[in-house]
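In: everything below, folded, please.
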Amino acid sequence: MLLIHNIIQAIEEFAPSAYQESYDNAGLCVGSPHAEARAALLCLDVTEAVVHEAIDKGANLIISHHPVIFSGLKQITGRTATERIVQLALKHDVALYAAHTNLDSVRGGVSEKMCDQLALKNRRILRTTDIPNVGLGMLGELEAPLSANDFLLFVKKIFGNPFIKYSNSGKANICSIAVCSGSGGSLLSSAIASGADAYVTADLKYHEFQIASENLLAVDVGHYESEIAAVDIFYEVITKKFPIFAVHLSEAAVNPVRYL
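Out: So this is what the prediction gives:
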């Protein structure tokens, strides 16, 4: 019998929970690790609709990139969306597990998936830790340089965002690329220090665009767009270890940001 613990163990062999950032809350947020794992539903974010989808599909384990419980809950009354999600999951014995910054930090993780999408070569970690091959963000190079405008069009197409934000830049050609999945403002200084021609990430603030414009081409592709590949990583890790275990990709989990 396959247990929820077995599925978690497979994920954490790839992305150990010890690698998460200090502010994070990755891991099993709701449910028992000793319960039987009947099927898993994979998503970026857990919403009430996603929990209902799991129930309908007979999945008693939801694996997400973003933890549904990020800061502490002092009560569970159904007052907030998070409380309602937890209530619903508990009522229907659906476990909620997340691999977040630990999945960002490992080789083959979410930032490296961005490198795959951009077909970057000569890859290395942008901001390293004391642990070999672990750290946030990645650096790489395009096969051949592109003009700044062609690079922006390329990035827009690759990440499927109809509107991207970018900084002014004096760079005529782009070859060396820094990337960071999710909110990457904290790694902007590392991207600049690396000498990269461009930095592809999400959630950059106004003044961060100002700082970037003096050094490199900063491109904000959207938080969802930069991280949705996390679902592919979960799928690859689980199905490789447990090829006959039922794994579903969520259809109810959608980008909360709309573009006009």
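
In: which residue ranges form the helices in this structure?
Out: 4-14, 48-57, 81-91, 101-105, 110-118, 148-159, 188-193, 206-213, 223-227, 229-241 (DSSP state H).

In: so can I have CSV of these showing mean pLDDT and distance to Arg38?
Out: In this view, the C-beta of every residue, glycine as well, is placed from N, C-alpha and C. Putting the helices of the chain into CSV (pLDDT from 0 to 100; distance: least, C-beta to C-beta, whole Å) gives the following:
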stretch, mean pLDDT, distance to Arg38
helix 4-14, 98, 10
helix 48-57, 98, 10
helix 81-91, 97, 14
helix 101-105, 97, 23
helix 110-118, 98, 27
helix 148-159, 97, 34
helix 188-193, 98, 43
helix 206-213, 97, 44
helix 223-227, 98, 27
helix 229-241, 98, 14
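
In: and of the ones you listed, who's closest to Ala252?
Out: helix 48-57 (4.1 Å; C-beta to C-beta).

In: how about the closest one: buried residues?
Out: For helix 48-57, the buried set under the neighbour-count rule, 16 or more other C-beta atoms under 10 Å, comprises Val50, Val51, Glu53, Ala54, Ile55, Lys57.

In: what of stretch 185-203?
Out: 185, 187-188, 190-192, 194, 196-202.

In: which residues touch it?
Out: The set of residues external to stretch 185-203 that reach it, using C-beta atoms under 8 Å, 6 or more residues apart in numbering, is 114, 118, 126-127, 136-137, 139, 151, 155, 169, 171, 173-184, 204-205, 208, 211-212, 215-223, 225-227.

In: buried subset of the residues you listed?
Out: 114, 118, 126-127, 136-137, 139, 151, 155, 169, 171, 174-184, 204, 208, 211-212, 215-223, 225-227.
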